[in-house]
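Chemist: Dropping a prediction and its sequence here:
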Amino acid sequence: MHTTTQRTLGAVLAAGIIGLAGAAQAHTGGAHDAGFVHGFTHPFGGLDHLLAMVTVGLWAAQRGGRALWAVPLSFMGMMLAGGLLGLNGVALPSVELGIAASLVVLGSLVALAVRPSVWLGAAIVGTFAVFHGHAHGAEAPEAAAPALYAVGFVAATGLLHLLGIAGFRAIHGMAVRVAGAAVAASGVALMAV
């Protein structure tokens, strides 16, 4: 890809993430009468989740190697585990704080270009995914088709991870790190609310 095109895409991605980071919010509502389509579209309306999922993709691509698949798959698997906890009424303390903290940590990992072992990276991401999954699992009993809702949400999560990976490949260097810093700042803002 041409360098000017890469810079333009980088500026657009960084500006978009910075804009979304300023507007990120924790969960406020349930998933009423939800099926696959509602589950699939939900992460795109929940900016806290959207930012976390795209940032997982950015970090996986930044880390490279086996992390490219291990980190996103860890997020999706542990998100499902957290969803099952929420669906079964298992309490998880400080879910919203865990979601906000995920933005701080994931954004910081990208901003600082941290490169731990693949398995440590997957464990970090997986830990935060439990909070994201729990928030949605706790909402799923209100849904008409919780299994379809979950499939939709996981599919959207994978797509958002791929978007982060594609974003990293389109832009490199400082724009990615600035986007990570913006995500981390949005997490700090959520914690202050």
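Modeler: Yes, it's here. These numbers come from a predicted model, not from an experiment.

Chemist: Show me which residues of the longest helix along the chain are buried.
Modeler: Counting by DSSP state H, the longest helix found in the chain is helix 146-170. Buried residues in helix 146-170, defined by neighbour count with 16 or more other Cβ atoms under 10 Å: 146, 148-150, 152-154, 156-168, 170. For every residue, glycine as well, the C-beta is placed using N, CA and C.

Chemist: Just after it, pick out the following helix or strand.
Modeler: Next helix or strand after helix 146-170 toward the C-terminus (DSSP states H and E): helix 174-192.

Chemist: Figure out how far that following helix is from the centre of its chain.
Modeler: Its chain's C-alpha centre and that of helix 174-192 lie 13 Å apart, by Cα atoms, centre = their mean, to the nearest Å.

Chemist: Return that helix as PDB; C-alpha atoms alone will do.
Modeler: Extracted in PDB, the C-alpha atoms of helix 174-192 (Å, rounded to 0.1, in the frame of the first residue of the first chain):
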ATOM      1  CA  MET A 174       2.600   6.300  16.100                       C
ATOM      2  CA  ALA A 175      -1.000   6.400  14.900                       C
ATOM      3  CA  VAL A 176      -1.700   3.000  16.400                       C
ATOM      4  CA  ARG A 177       0.000   4.000  19.600                       C
ATOM      5  CA  VAL A 178      -2.000   7.200  19.800                       C
ATOM      6  CA  ALA A 179      -5.200   5.200  19.200                       C
ATOM      7  CA  GLY A 180      -4.200   3.000  22.100                       C
ATOM      8  CA  ALA A 181      -3.600   6.000  24.300                       C
ATOM      9  CA  ALA A 182      -7.000   7.300  23.400                       C
ATOM     10  CA  VAL A 183      -8.700   4.000  24.400                       C
ATOM     11  CA  ALA A 184      -6.800   4.000  27.700                       C
ATOM     12  CA  ALA A 185      -7.900   7.600  28.400                       C
ATOM     13  CA  SER A 186     -11.600   6.600  27.700                       C
ATOM     14  CA  GLY A 187     -11.300   3.800  30.300                       C
ATOM     15  CA  VAL A 188      -9.900   6.300  32.800                       C
ATOM     16  CA  ALA A 189     -12.900   8.600  32.000                       C
ATOM     17  CA  LEU A 190     -15.300   5.700  32.600                       C
ATOM     18  CA  MET A 191     -13.800   5.000  35.900                       C
ATOM     19  CA  ALA A 192     -14.300   8.600  37.000                       C
END
